[in-house]
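J.: Fold the following.
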Amino acid sequence: MVLVDTSVMINYLKGVLNDKTDTLQKIIDQRIPYSISPYTYQEVLQGARNEAEFAQLKAYFSTLRIIFLPDDIKTYERAARLFFDLRRNGVTIRSTIDILIALTAIENELSLLHDDRDFDLFSEKIAALKVLRIL
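T.: Next up is the predicted model:
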């Protein structure tokens with residue numbers, strides 16, 4: 001299964017054409033299972049321009065599988081450890097949300113489809129993060 005990051009989902013929904021959105025379209029066309037994290041759900045919804053778009057996005061996302069992390073303190077310790085380990089290896093991730101999205105992919109053994117350079121830097125240092133290359 002593929003976990004789709006906010007960076008791809010927003011571009012896809014806006015009709016942006018690039019290698020990553022083309023890959024998402026191929027995933028959809030080939031009926032490859034894909035999902036989003038609750039963080040992507042939030043990030044996309046909070047970008048809605050009006051009530052109608054908010055409702056439309058909610059309806060679209062109701063058809064997708066959302067993969068959650070366990071809601072306990074250990075999850076946030078693991079996220080903090082990832083951030084700490086990356087920083088010690090010379091990589092500073094710009095967004096805490098990106099750490100949680102990466103952790104969602106890692107813990108659920110999902111390939112991450114993204115269009116965010118932070119995830120490329122992350123995957124170079126943390127082998128457990130599998131990024132999906134272009135299909």
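J.: Kindly check the end-to-end length of stretch 126-135 for me.
T.: Length of stretch 126-135, first residue to last, C-alpha to C-alpha, to the nearest Å: 23 Å.
J.: And it, what's buried?
T.: For stretch 126-135, a neighbour-count test (16 or more other C-beta atoms under 10 Å) marks 126, 129, 131-132 as buried. Just so you know, the C-beta spots here come from the backbone N, C-alpha and C atoms, and that holds for glycine as well.
J.: Please give the element, helix or strand, for Asp22.
T.: Here Asp22, judged by DSSP states H and E, is contained in helix 19-29.
J.: list the buried ones in that helix?
T.: Buried residues in helix 19-29 (16+ other C-beta under 10 Å): 20-21, 23-24, 27.
J.: on that earlier part again, so of the buried residues of stretch 126-135, which ones are in helices?
T.: Counting by DSSP state H, the buried residues of stretch 126-135 place none of their members in helices.
J.: of these, closest to Leu64?
T.: Leu132 (16.4 Å; C-beta to C-beta).
J.: shouldn't that closest one be in contact with Leu112?
T.: Yes. At 6.3 Å, Leu132 counts as touching Leu112 under the criterion of C-beta atoms under 8 Å.
J.: Overlap in contacts, the two.
T.: Shared contacts of Leu132 and Leu112 (C-beta atoms under 8 Å, 6 or more residues apart in numbering): Val2.
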